[in-house]
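K.L.:
Output the structure for:
(one chain, ligands or ions: 1)
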Amino acid sequence: MALFEVRDVDRRFYDEKLRDFLPEKLFDIHAHVYAPHKKAVRDSRTVSWPKLVAGWNTPDDLLETARLMFPDQSYRALMFGSPTDGADLTDANAYCKAASEKTGFPALLLAHPKMTPDALRDAVIEGGFHGIKVYLTFAPPQIQPADIRIFDFLTRKHLEVMDALHGIVMLHIARPLRLRDPYNVADLLEIERDFPHVRLIVAHIGRAYCRCDVGDALEVLSETKNMRFDFSANTNAWVMEQALRAVGPERLLFGSDLPITRMRMRRIERDGHYVNLVPRGMYGDVSSDPNMDELDGAEAEALSFFLYEELYAFRQAAEALGLSREDVRRVLYANANEMFT
Ligand SMILES: [Zn+2]
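P.N.:
Okay, the predicted model is just below:
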């Protein structure tokens, strides 16, 4: 059985909106790999719909996804585990290391803020990892989700280690205001200033999925020189355009956030937050999730992959700014590739 169904609507989407735009090679800076049959864990601080799309993503699944979705492109990815609350990080990192050896793709270590700096350094070096992936859910449990600061889950001690190693730090920022949150912006500037050799990647353009999530953050952050942004799981062309204006095509990177972007959906903005519109029933009962809603009939049948929507949004941003083929190739491949050569 195929990993997932590719329908006519998907082939048409690729043929009409992506095929002539995508370069020959894609480098995905943000892909998750994790084992099947992992015990389900509760994670009350994040949304629930990602778990409804894929229960695992083996390295073979990742390669098969790329083959199915991008028939004309070669594909590489930077991989890391799935940072779920309660997950066994040692197991997740061992799995990711094996996936990296199998595919030849680079990988990041999932890092818990409680790891000692020495343990972190050893785990990165011994595992052949290129840096760390940190996640807000590892912040101390007594901190309310709305109050989590970056340094609560990405410690200065760990940043010192990454600075010395010139390591990559993949960062998914917290807080309800997302990118525009002044504490997030201040903390990002502090990392940029104090850890100049860290190669920081702000995932999902700082979770700015709606126009209202941007505020003046990109304007302020445009003064930085190092930090990069990936647009994984982001389908907002306007936000991508602002990111390109702020940091240029040199510091924006394609990331997929696979496997969740295998989801069949399109995203809209409603009352200042994003809503994923999915075919009714396809992802279980989503009625309690304010970020999900369902479509029926012809509207549902017109839905294609989240990842296609993301790349098409980037195309619209690139075209709005008149990006050259070379600039597009940078964002979708070369910027990431250069980080590993
Ligand atoms: Zn992710």
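K.L.:
hey, let's count contacts and neighbours off CA atoms from now on
P.N.:
Fine.
K.L.:
Report the buried residues of stretch 176-188.
P.N.:
For stretch 176-188, burial by neighbour count (16 or more other C-alpha atoms under 10 Å) applies to 177-181, 183-185, 188.
K.L.:
Quick one: end-to-end length of that stretch, please.
P.N.:
Length of stretch 176-188, first residue to last, C-alpha to C-alpha, to the nearest Å: 16 Å.
K.L.:
go on, stretch 272-289?
P.N.:
15 Å.
K.L.:
Averaged pLDDT, that stretch. What do you get?
P.N.:
The average pLDDT for stretch 272-289 rounds to 91.
K.L.:
Just the CA trace of stretch 75-92, in PDB.
P.N.:
Output of stretch 75-92 as PDB, limited to C-alpha atoms (Å, rounded to 0.1, in the frame of the first residue of the first chain):
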ATOM      1  CA  TYR A  75      15.700  15.900  -2.100                       C
ATOM      2  CA  ARG A  76      17.800  16.200   1.000                       C
ATOM      3  CA  ALA A  77      16.800  17.100   4.500                       C
ATOM      4  CA  LEU A  78      18.100  18.200   7.900                       C
ATOM      5  CA  MET A  79      16.300  15.700  10.200                       C
ATOM      6  CA  PHE A  80      15.500  15.600  13.900                       C
ATOM      7  CA  GLY A  81      13.200  13.700  16.200                       C
ATOM      8  CA  SER A  82       9.700  14.800  17.300                       C
ATOM      9  CA  PRO A  83      10.000  16.800  20.400                       C
ATOM     10  CA  THR A  84       6.900  15.600  22.200                       C
ATOM     11  CA  ASP A  85       6.400  16.100  25.900                       C
ATOM     12  CA  GLY A  86       7.400  12.900  27.700                       C
ATOM     13  CA  ALA A  87       9.200  11.400  24.700                       C
ATOM     14  CA  ASP A  88      12.400   9.500  25.500                       C
ATOM     15  CA  LEU A  89      15.000  11.800  24.000                       C
ATOM     16  CA  THR A  90      17.800   9.200  24.200                       C
ATOM     17  CA  ASP A  91      15.700   6.800  22.000                       C
ATOM     18  CA  ALA A  92      14.600   9.600  19.700                       C
END
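K.L.:
Give me the contact list for it.
P.N.:
Contacts to stretch 75-92, defined as C-alpha atoms under 8 Å, 6 or more residues apart in numbering, come from residues 25-35, 41-43, 63, 66, 93, 95-96, 100, 105-112, 133-135, 137-138.
K.L.:
Filter the residues you listed down to the buried ones, ChimeraX style.
P.N.:
Provided next is the ChimeraX selection string for whichever of those are buried by 16+ other C-alpha under 10 Å:
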select :25,26,27,28,29,30,31,32,33,34,35,63,66,93,95,96,100,105,106,107,108,109,110,111,112,133,134,135,137,138
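K.L.:
Report the buried residues of the stretch of helix or strand residue 161 belongs to.
P.N.:
For residue 161, the host element (DSSP states H and E) is helix 156-165. Neighbour counts over helix 156-165 (16+ other C-alpha under 10 Å) mark 156-163, 165 as buried.
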